[in-house]
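*Asks:* can you look at this prediction? I've put the sequence above it.
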Number of protein chains: 2
Amino acid sequence: MHITSEQRLDDGVLERTFTLGDIPGILWTPASAPEPAPLILLGHPPLGLGRMYPRLAARARHSAADGFASATIELPGSGERPRWPALDQARAELRRAMQAGEPVSDEIVDALTLPLVEKHVPEWQGALDALLALPGLGGPVGFSGGVIALGVRLAAVDPRIAAAVLFAGSFVPRATFEDAKRVTIPLHVLLQWDDEGNDRGASLDLFDAFGSEEKSLHAHLGGHTGVPEYAGEAAAQFFKRHLR
Amino acid sequence: MHITSEQRLDDGVLERTFTLGDIPGILWTPASAPEPAPLILLGHPPLGLGRMYPRLAARARHSAADGFASATIELPGSGERPRWPALDQARAELRRAMQAGEPVSDEIVDALTLPLVEKHVPEWQGALDALLALPGLGGPVGFSGGVIALGVRLAAVDPRIAAAVLFAGSFVPRATFEDAKRVTIPLHVLLQWDDEGNDRGASLDLFDAFGSEEKSLHAHLGGHTGVPEYAGEAAAQFFKRHLR
């Protein structure tokens, strides 16, 4: 892991950009935190870290106020990472189907999500190895948001993930239902009730499928990007209960 | 309204029992509160105020710490109020159907809930008239919990109810779906995902039917009585956002 820049934000949070091989990432650590600080991995949609930066930094600074470090890494095929032609093709297929008013087939959903899961979950695990080796980090780890198929797989396979906030707002491949049964950590699942691009029934079925003994579903009125501010507050409370 | 007893609890909350005609009730007011204090009406299942007292008092004292007064009244046919043979008969029908493993028919659900709604909603409204006339009360009013058909009808017909926490854990008559469309206040709906006596699909449909622009659904793993403590905390936050 190479630290490529370092700046102190006005609230005292230390923001460091890094690369891990060819994967760029950002780490935020609070001005004061328990040692070792709990760490929240911030998932995000495949729009590139540059474009996602304002929202990610806001989430990280909010968590820093609760004593949590946060980190994120770039998705394959996004931002400054090399394009991924197969993924671009799957996205083109998706656009074509949606513009034609056709249902989005399982094949398209699989092509959009499964290669990403296979490639990116090990990348998250490598990042976690490197992050937890840094001085001051090493507390329990949470995962928050992003592509749900990724978060579910990571929670299913990596015992270091102690709790997760998942956002049921992206396509759910069939394989994710199998992963969900293997997830046993506490979950706080967000669902936007009127999300245009989201299959509400599939999201409810996925919630039902999780093997966790503690799981809760929080559905709010509105579209994909309309998660109300108080829902973020409730998610923060969830991490405070489980990562301290 | 006749105050029939008055005691100061150890946290400074003033607990007064009262009767309103032949309806017994309890009012809790905080040691210190804004003037006029917001008021939360506490709904409850038809088990009698005596049996429900510990849980109701705990909810009221929790709300008092947030500066809210709370009040509750006895349901018709429960506690010290006269038995209601038609209701007893509907409950016997319900038990019979459930023991026989039969589905609970719309007719049974209607017989169980509609007479209660017709009789008890005006009783709540009368209690509200009397309560809001007391010195120190008169802030915005919230409704919390209890038989969902009652809460939905009250929220639909009484413009004094400014926000409601509803518990989707009792039978929903068809008429309640019509009432739900007329509800426009902010709602915080609780659902126990594995509630034995509750139809999960009907609860989700009811949530969908509410006309409110701000509504959120909070589903937690577990049975009817397994609502986790942190869910009560989130409901309290909802009232703090809407009744202050």
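*Replies:* Received the coordinates, thanks. Just so it is clear, the structure is predicted and the values come from calculations on it, not from any experiment.
*Asks:* burial measure for A:Asp158, as a count.
*Replies:* 17 (other C-beta atoms under 10 Å in any protein chain shown). Quick note: C-beta positions are derived from backbone N, CA and C, even for glycine.
*Asks:* look up how far B:His242 lies from it.
*Replies:* 40 Å (C-beta to C-beta, to the nearest Å).
*Asks:* same thing with A:Glu118?
*Replies:* 45 Å.
*Asks:* same deal with A:Asp66?
*Replies:* 24 Å.
*Asks:* name the residue in those two with the higher neighbour count.
*Replies:* Legend: neighbour count by other C-beta under 10 Å for A:Asp66 and B:His242, higher for B:His242 (19 against 16).
*Asks:* quick check: the spatially most central residue of chain A vs A:Arg200, distance?
*Replies:* Residue closest to the mean C-alpha point of chain A, counted by C-alpha atoms, centre = their mean, is A:Gly43 at 2.1 Å. Going from A:Gly43 to A:Arg200 by C-beta to C-beta gives 21 Å.
*Asks:* ok, A:Ala57 - contacts?
*Replies:* By C-beta atoms under 8 Å, 6 or more residues apart in numbering or on different chains, the contact set of A:Ala57 is A:9, A:15, A:26, A:28.
*Asks:* ok, the nearest residue to A:Gly223 once chain neighbours are set aside - how many residues close by?
*Replies:* Residue nearest to A:Gly223 in three dimensions, not counting chain neighbours: A:Asp194, with 5.4 Å by C-beta to C-beta, 6 or more residues apart in numbering or on different chains. Applying other C-beta under 10 Å, we find 14 residues neighbouring A:Asp194.
*Asks:* quick one on the thing from earlier: please name the nearest non-neighbouring residue to the residue nearest to the centre of chain A.
*Replies:* A:Gly146 (1.9 Å).
*Asks:* that neighbour contacts A:Pro45, doesn't it?
*Replies:* Yes: counting by C-beta atoms under 8 Å, A:Gly146 touches A:Pro45, with 6.8 Å between them.
*Asks:* okay, these two: which has more neighbours?
*Replies:* The neighbour count for A:Gly146 versus A:Pro45, taken as other C-beta under 10 Å, is higher for A:Gly146 (25 against 17).
*Asks:* so A:Pro46, which state does it fall into?
*Replies:* coil (DSSP: H, G, I helix; E, B strand; the rest coil).
*Asks:* burial of it, as a residue count?
*Replies:* A:Pro46: 21 surrounding residues under other C-beta under 10 Å.
*Asks:* and the closest residue to A:Trp84 other than its chain neighbours, what are its phi and psi?
*Replies:* In this structure, A:Trp84 finds its nearest non-sequential neighbour in A:Gly77, 3.2 Å apart by C-beta to C-beta, 6+ apart. Phi and psi for A:Gly77, reported as degrees, to the nearest 10, are phi 80, psi 0.
*Asks:* what about A:Gly77, neighbour count?
*Replies:* A:Gly77 has 20 nearby residues by other C-beta under 10 Å.
*Asks:* quick check: it touching A:Ala90?
*Replies:* No: judged on C-beta under 8 Å, A:Gly77 makes no contact with A:Ala90 at a distance of 10.1 Å.
*Asks:* and A:Thr4, what is it in contact with?
*Replies:* A:17-19, A:24.
*Asks:* just the buried ones from those?
*Replies:* Buried members of these, counted by 16 or more other C-beta atoms under 10 Å in any protein chain shown: A:18, A:24.
*Asks:* TSV for the contacts of A:Thr4, including distance to chain B?
*Replies:* Output for the contacts of A:Thr4, formatted as TSV (distance: C-beta to the nearest C-beta, whole Å):
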residue	distance to chain B
A:Thr17	35
A:Phe18	35
A:Thr19	39
A:Pro24	36
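*Asks:* as JSON lines, the contacts of A:Thr4 with secondary structure would be great.
*Replies:* JSON lines is the format used below for these (three-state DSSP):
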{"residue": "A:Thr17", "secondary structure": "strand"}
{"residue": "A:Phe18", "secondary structure": "strand"}
{"residue": "A:Thr19", "secondary structure": "strand"}
{"residue": "A:Pro24", "secondary structure": "strand"}
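*Asks:* can you tell me how far the residue nearest to A:Trp84 is from chain B?
*Replies:* Applying C-beta to the nearest C-beta, to the nearest Å, the value for A:Gly77 to chain B is 34 Å.
*Asks:* separation between that residue and A:Gln7?
*Replies:* 28 Å.
*Asks:* likewise A:Pro159?
*Replies:* In terms of C-beta to C-beta, A:Pro159 sits 33 Å off from A:Gln7.
*Asks:* about what we covered before: okay, the residue nearest to A:Gly43: pLDDT?
*Replies:* A:Gly146 is assigned 87 on the pLDDT scale.
*Asks:* phi, psi for it please.
*Replies:* phi 80, psi -170.
*Asks:* got it, and the one 10 residues further on?
*Replies:* Listed backbone geometry of A:Ala156 is phi -80, psi -30, with angles given as degrees, to the nearest 10.
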